[in-house]
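Asker: just the structure for this:
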Amino acid sequence: MAVSSGTSFALASIFSILLFSGMQMYKQWLAASQVQTIFGGYLGSVLFILSLTAIGNLEALMFGKDFQTKLPEVIICLVGSVFAAGMIHRVCTTTCLIFSLISLYFVNNISQKTYTVTSAVQPQLFKKKK
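Answerer: Residues are numbered from 1 along each chain as shown. Below is the predicted model:
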């Protein structure tokens, strides 16, 4: 079920703040073993998607529905989530970057399938001049 941009902005902002604070509260647990460190990087990539969603919906509210999130916003969200993962463990930084790039690829594919408008172009036959 889809929600409006304002509701989605509020939900994504709240969840990203809760996720960041949860990552900081369980910092020692996430850095305790290799699997938990990789899980910390995965949580960082979820933080990336949530913050990207929040910024994209904020831009949709401010600039209209047709406004698209561009590369600077993606880089800001990526740097922020990698920094948050780096506060846990340095391996979390690497896994967060890898998971975030993979999730960005899939989000881009879903966005292309959903919002790309295709128009049927009639092929024109040209006659050769003699």
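Asker: so residue 50 sits right up against residue 14, yeah?
Answerer: No: contact criterion Cβ atoms under 8 Å: residue 50 and residue 14 do not qualify, at 9.2 Å. The way it works is simple: take the backbone N, C-alpha and C, and place the C-beta from them, glycine included.
Asker: more crowded one of the two?
Answerer: residue 50 (22 against 12; other Cβ atoms under 10 Å).
Asker: what comes up buried for the helix or strand where the more buried one lies?
Answerer: Using DSSP states H and E, residue 50 maps to helix 34-63. For helix 34-63, the neighbour count (16 or more other Cβ atoms under 10 Å) marks 36-38, 40-60 as buried.
Asker: next secondary structure element downstream of that helix?
Answerer: Per DSSP H and E, the first helix or strand lying C-terminal to helix 34-63 is helix 71-86.
Asker: which strands or helices does that next one pack on?
Answerer: For helix 71-86, the contact count by 3 or more Cβ pairs under 8 Å, 6 or more residues apart in numbering; DSSP states H and E identifies helix 5-25, helix 34-63, helix 90-115 as packing neighbours.
Asker: give me the residue at the spatial middle of the protein.
Answerer: With distances taken as Cα atoms, centre = their mean, the residue of the chain nearest its centroid is residue 49 (3.0 Å).
Asker: need the nearest residue in space to it, chain neighbours excluded.
Answerer: residue 103 (5.6 Å; Cβ to Cβ, 6 or more residues apart in numbering).
Asker: residues contacting that neighbour?
Answerer: Taking Cβ atoms under 8 Å, 6 or more residues apart in numbering, we find residue 103 in contact with 45, 48, 49.
Asker: if anything else comes up later, I'll come back, but that's it for now.
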